[in-house]
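Here is my input; please provide its structure:
(chains A and B)
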Amino acid sequence: MRFLLLFSRQGKLRLQKWFTPISEREKKKIIRDMTNMVLARQPRSSNFLDWKDLKIIYKRYASLYFCLAIESQENELLALEVIHRYVELLDKYFGNVCELDIIFNFEKAYFILDEFLMGGEIQETSKQIVNRCIESSDMLQEDDNSEWYEVELFG
Amino acid sequence: MSDVVEKTLTALPSLLSLDSQPGAAKLSSTSKLGNLIRGITELTSKHEEEKLIHRELASIKEQVSSPNTSMRQMKELMVRAIYCESLGYEASFSYIHAIKLAQQGTGLEKRVGYLAVSLFLNENHELLLLLVNTVLKDLQSTNLIEVCMALTVVSQMFPKDMIPAILPLVEEKLNHPKEIIRRKAVLALYKFYLIAPNQVQHIHNKFRKALCDKDPGVMTASLHIYLQMIQENAEGYKDLTASFVSILKQVVGGKLPIDFNYHSVPAPWLQIQLIRILSLLGKNDQRTSEIMYEVLDESLRRAEMNHNITYAILYECVKCIYTIHPKSDLLEKAAKCIGNFVLSPKINLKYLGLKALTYVIQQDPKLALQHQMTIIECLDHPDLIIKRETLELLFRITNTQNVVVIVEKMLEFLRMSTDDYTTIDLVGKVAELAEKYPSDCVCFSYKNYTYAPDNEWFIETMNTVFSLSGDTMQPDIPNSFLKLLSEGFESVEEDRKLRLFAVDSYVTLLKGETGKLPQFFLQVISWVLGEYSHLSEELKPATVLELLQKLLDRKQTSSETKSWALMAMTKLCEGRAGVSVAQQVSETYISSMDTVLRQRAQELQHLSQDSELRARVLPRDADLEPLEVDSSLSFLDGFVSEALAAGAAPYKPPHQRQEELSQAKVLSLEPYGLSLPISMSSCSIADRQSPTLLSMSSGLSGDSTDLSHKGGSTTLKFEGVKRVWGKEGYLAQKESVEEAVQVEAPSPLRSTSQQAEVVGSHSQTPTLTPTPEPEQEKQQLASSLFFGISSQSSVCLMGKSGPTPQRFRRKAKGQSSSSGATEQMSNSVVFTSTTVDNLLCNNPPDSTITSEVDVSSSKHTSELPQGLTAANGTCDIEAELTDSDLKGSSPPLSGDNGLENADPDPHENLDKPQGVCLSSHLPAELSGLCRSEITPLCTLQNLDLSACHVHREDTIVLVVFITNSSDSAVQHIRLDLDSELLEVSCVSESPAKDVRSVAVYLYSLTVRRPAVHVELAGTVSYQVPVGTPQTAQFSYKLPLTAFIRPLTVSTEEYGTMWLAFSHDTKQNLTLINDGQEPLVATLNVLRKKLQLHVVEVIGVEGILACKLLQDQPCLMHFRVHEGALAVWLRSPVPDLPDCLIYHCQRALQEH
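Residues are numbered from 1 along each chain as shown, chains lettered A, B, ... in the order given. Here you go, the predicted structure:
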């Protein structure tokens, strides 16, 4: 995986994750390209796009587009399911997730992503484990008495 | 892990119930971020947004720098800063505070700090260095969450140079009791492996432990590393096949905890990862493949649910089945799977089906037949990606019969493509096809295309390609096109027609609107017109000149194109009209600011005035002689040494300067040998850097006649272009003959019927029910697209195992292209070696004798190490020697390369007996050592001179034999040897001044100045009792390799020496691929043939050392890079690296 972008139907970027080093200028250009290309897609076309030597896998959930770039020899359907699993994780965490959740709590969305993907690869495929990691560390950190929870959490 | 968390959750029920809807409560309406976001959404104009954000940023800036801000507030501020940045506003003032937050915060604050850092900073941002300490501290923390955060950030954006600092700590975490930490540590190491593979090499067996981890998460994480490592070296991991198979079996069998299921499919990501690994392991390996058949079958069977994730698994299975050693029933199932995909109404699946089909089509072309109607439909699919994939598929099944239609389809796509990347890619493919399938193919008709792919088709297709591609084309396409035109085919008449057609079509183009033609195309046009417009009888040079002049006057024409046009005019300016046009044009450009243009204008001016000179430097219809490229630019040596003598600093190539700069700046943490910044992919003969490159430009301006002589061809890059049509005539003719054998030259009519047969035999595919009227056109298209495949696949049994028809034909073509060369190789070694000389070092071979010396000497140097290194090896060789002496007919040193046997040269045989006798005259102390063959130098009335050189450990001894064949004694023999490059000192002369039978002279040689071959000139004078004094001249040539000896140094010594040496050169060499590790194999060959000392081999890099007698070291650094061997040589002696590179090349070529 090369990068993951979340943007709204209006083309507003909601979340960006780059798995390989890319310069700021290049990032801006990619974001612009992606939003333009994906938003211009006709209905009833596939969820895949060619972009340079990469494949772009995108999927729309309500008003939000998830857009994942993979190398062209990778498995597009699997990438689609990576997106879906991430949405499921968000959904489980926020409870019926909507775009506003992600706008207002984007740092949480990043944390969830970090538990799910690491270095451009799937880190944990078990939904429960990912979610518990997030929730537990959440609780632990929001409470001042963190020492105690930590002991409990990790046995 | 799960049970731990389970326990935790049960231990904290109260907390959970407090917040049963975790997300909802966090939409705090009072938070500042909330306000900011709401504020922005309420705004209507971009301008207002800017104002708001700037205000916001100002307030954030003020607060973060205030000492009273608590970490908790800081966290809040940081989140807002991230938000502003993500909107595209810069908040660089906050970067340092993000690092501070990561350093000083606790818990969530720290986490936000790390997040901000990873979002703000790039991998090579200098502030990241400040983070290293924080990460170190957190990695050692007892707080597990802090360790987790550190590992996460490390795998995201850690500066490469700093990896060694934290590596031990991360490694340690592999043994951590908590699985989440182990998992993250494994992934962090995976990331390190990707960015700096050398640094994690030593922990490979720890990865094995991770693979056996009892936690499935850790095991899954380790598979990423394994996939990567197996991709690079499948051989090393074959023993793990059974383990991977058994893991996959357990996963498929549902043995993992239920929460690894995804839509009731057990751990699909894990499955796919395993299948990928298996396909790499089973590739070209029947035994390993057999282990996995069962589990693949099982996976296929289990994956029956109607869900994307099962299709993803099926796709991987299919790919795997077609990659590993074939098994027929699995192939059948896989083919059925592909069928289901392709026929699916779901567009995503259809795409994946096409992709799979493209992948397998080379092995099984009849699958394309089964699905031909679907493929035709996909060609007109509204979704571009489907269309593109279909073209990719067609590209793979192109043959002589369908190439016209397929190329037409590709051009159609090109015409509407707007994306540069796709255009470049497709243009390359069309050009490849057009050049690959030239004239004389079977005629056929489809719609209005009634012509075969012939000359006109070729030119027209290339015209379209050029005009469509814009200026984004890869430069080798026009180059290879021009090369093809200039070299022509086998028939002179055909060539003429092709060129004439090109000229005519270009004149038409130039007469029309030229504004839209890309620069590349205009350059091609200029060159072709300049070179070939004389072929056309009705075309007057004046007309062409006028057209070119028009081109020059256009504003859009780039200066490069202008110089091409000027060059073309130089070739054409004859007659009074021509000269006047030429004068006029050169007037305009002679004062141009562009030096190249000015140069061309000068040439034009002078040559147009002097038609004799022009005819000499630009001969018409001159055969393209191979360009002799003096790659070391030795003709500039004089200039360089003058400059150096005048006090100029010696030239340092850019990379070296860069390196020195960076060395001066940054502390290198990497151990020596890995710290060489090597990106040599760009190094080729063309841009090779040698110390003499310095004065390149002066050489350019210095000799204009020489330059213009090369004319158009100097700017053409002739090497490295794929030869498809060539003088050897491997081309269409041969191919079509082959095809005729295979296919029995089907006529269009028959093929449709054949196709129908094939279709009938696959009646299980539903689409292919006979379709009447409206489908007819598609049918027709299909018959032209799949022409040739049907008949081929009927020849190839099953089309599955063994070479496929498509592949076979390609291969056969490759063979025939090189067959000319190989024949030469086997027939006469002498010839090839002289051509190599000729091409590479600009040393015109003066006689066959010299090249024989080369051959034999390189042969015996390969024997040398035994003689030198092992003390008792001497006896062995001696034994061999005497043995062959007895036989008399085999060469004195039995070479393992059999060069000698292939050499049919008759006089060699005559010389043998003499050589044998002479060898017995070798002084005793030299007789056991390796030596070259004894070569005759010259023959006078009754004297024969022969010589050989003997390798001693510290010197080279030249032995000259003077044989007196007459009865009378010869007196006053004087032998004088002289060489520019060599220092010759006499070791001993035969005591007798008059020779009756054989006199032996010994000289020791040392190299004064390295050259690829060093030559000695000699004079012999003598007197016979009755008669006048006689003299004769001779020469003796020996390769530089004779003076090379291994240099034994340690890696550390090597390191210090490397930095001290100033002369260097870089080049890419071909790797030897014969089964074993390519680097090691190649280095071994070089070590044997050139006598090098292998200092150390680390991963993909190897360092070697040698010395030129007496003590002039040369260090070599080899690195495998993108399938080639990047070599970097350094030495204190000028020219030595260049010469050695040449010998390395030769050694590898001969291998």
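
From now on I want contacts and neighbour counts done on CA atoms only, so please keep to that.
Noted.

What ranges in chain A fall below the confidence cut-off?
Scanning chain A for pLDDT under 70 picks out A:135-155.

swap the cut-off to 90 and go again
A:10-12, A:19-25, A:41-46, A:50-53, A:62-63, A:72-74, A:89, A:91-108, A:111-112, A:114-155 (pLDDT under 90).

The helix or strand where residue B:564 lies - contacts with which helices or strands?
Assigned by DSSP states H and E, residue B:564 belongs to helix B:559-572. For helix B:559-572, the packing partners by 3 or more C-alpha pairs under 8 Å, 6 or more residues apart in numbering or on different chains; DSSP states H and E come out as helix B:519-532, helix B:541-553, helix B:575-589, helix B:595-609, helix B:712-715.

how about the nearest residue to residue B:474, chain neighbours excluded?
residue B:424 (7.0 Å; C-alpha to C-alpha, 6 or more residues apart in numbering or on different chains).

So that neighbour sits against residue B:475, correct?
No: look at residue B:424 against residue B:475 with C-alpha atoms under 8 Å: they stay out of range, at 10.6 Å.

Those two: which has the busier surroundings?
Neighbour count, other C-alpha atoms under 10 Å in any protein chain shown: between residue B:424 and residue B:475, residue B:424 has more, with 18 against 12.

deepest of the helices and strands packed on helix B:559-572, which one?
For the helices and strands packed on helix B:559-572, the largest average neighbour count (mean count of other C-alpha atoms under 10 Å in any protein chain shown) is found in helix B:519-532, namely a mean of 24.

so how many other residues sit close to residue 37?
This is for chain A. There are 14 residues near residue A:37, going by other C-alpha under 10 Å.

I was thinking of chain B, sorry if that wasn't clear
Look at residue B:37: counted by other C-alpha under 10 Å, it has 17 neighbours.

what helix or strand is it on?
helix B:32-42.

Packing partners of that helix?
helix A:99-104, helix B:71-86.

now it, how far from the centre of its chain.
53 Å (C-alpha atoms, centre = their mean, to the nearest Å).

re earlier: quick one, which of the helices and strands packed on helix B:32-42 is nearest to residue B:111?
Nearest to residue B:111 among the helices and strands packed on helix B:32-42 is helix B:71-86 (9.0 Å), distances taken as C-alpha to C-alpha.

In chain A, spot the helix with the most residues.
helix A:76-94 (DSSP state H).

Buried residues, that helix. List them.
A:76-83, A:85-90, A:92-94 (16 or more other C-alpha atoms under 10 Å in any protein chain shown).

out of the residues you listed, which touch chain B?
Among those, the residues within reach of chain B (C-alpha under 8 Å from any C-alpha of the partner chain) are A:76, A:77, A:78, A:81, A:93, A:94.

and of those residues, the nearest to residue B:560?
Taking C-alpha to C-alpha as the measure, residue A:76 is the one of these closest to residue B:560, at 43.4 Å.

residue contacts, that closest one?
Counting by C-alpha atoms under 8 Å, 6 or more residues apart in numbering or on different chains, residue A:76 touches A:48, A:55, A:57, A:70, B:312, B:352.

can we see that at 7 Å?
residue A:57 (C-alpha atoms under 7 Å, 6 or more residues apart in numbering or on different chains).

For whichever residue of the stretch 901-1050 of chain B sits closest to chain A, which non-adjacent residue is spatially closest?
Closest to chain A within the stretch 901-1050 of chain B is residue B:1050: 36.8 Å, counting by C-alpha to the nearest C-alpha. Distances taken as C-alpha to C-alpha, 6+ apart put residue B:1095 closest to residue B:1050, at 6.4 Å, once the chain neighbours are dropped.

Next: residue B:139.
residue B:147 (4.8 Å).

other SSEs contacting the helix or strand hosting the one you found?
Using DSSP H and E, residue B:147 falls within helix B:144-157. Contact partners of helix B:144-157 among helices and strands, from 3 or more C-alpha pairs under 7 Å, 6 or more residues apart in numbering or on different chains; DSSP states H and E: helix B:107-120, helix B:129-139, helix B:179-195.

centre of the chain versus it, how much separation?
37 Å.

and if you look at stretch B:593-613?
On C-alpha atoms, centre = their mean, the centre of stretch B:593-613 falls 38 Å from the chain's centre.

Other residues contacting it?
B:563, B:566-567, B:570, B:573, B:579, B:582-583, B:586, B:589-592, B:614.

Looking at these, which one is closest to chain A?
For the contacts of stretch B:593-613, the nearest to chain A is residue B:563 (32.9 Å; C-alpha to the nearest C-alpha).

mind checking how far the spatially closest residue to that closest one that is not a sequence neighbour is from residue B:564?
Closest residue in space to residue B:563, ignoring its immediate chain neighbours: residue B:597 at 5.4 Å, by C-alpha to C-alpha, 6+ apart. Plainly put, residue B:597 is 9 Å away from residue B:564 if you go by C-alpha to C-alpha, to the nearest Å.

now the helices for chain A?
So, for chain A - with DSSP H - the helices run A:24-39, A:76-94, A:99-104, A:106-116, A:127-142, A:146-153.

now swap in the stretch 901-1050 of chain B and tell me
B:906-919, B:924-927 (DSSP state H, counting those that start in this stretch).

which of the ones you listed has the lowest average pLDDT?
Sorting the helices of the stretch 901-1050 of chain B by mean pLDDT places helix B:906-919 lowest, at a mean of 49.
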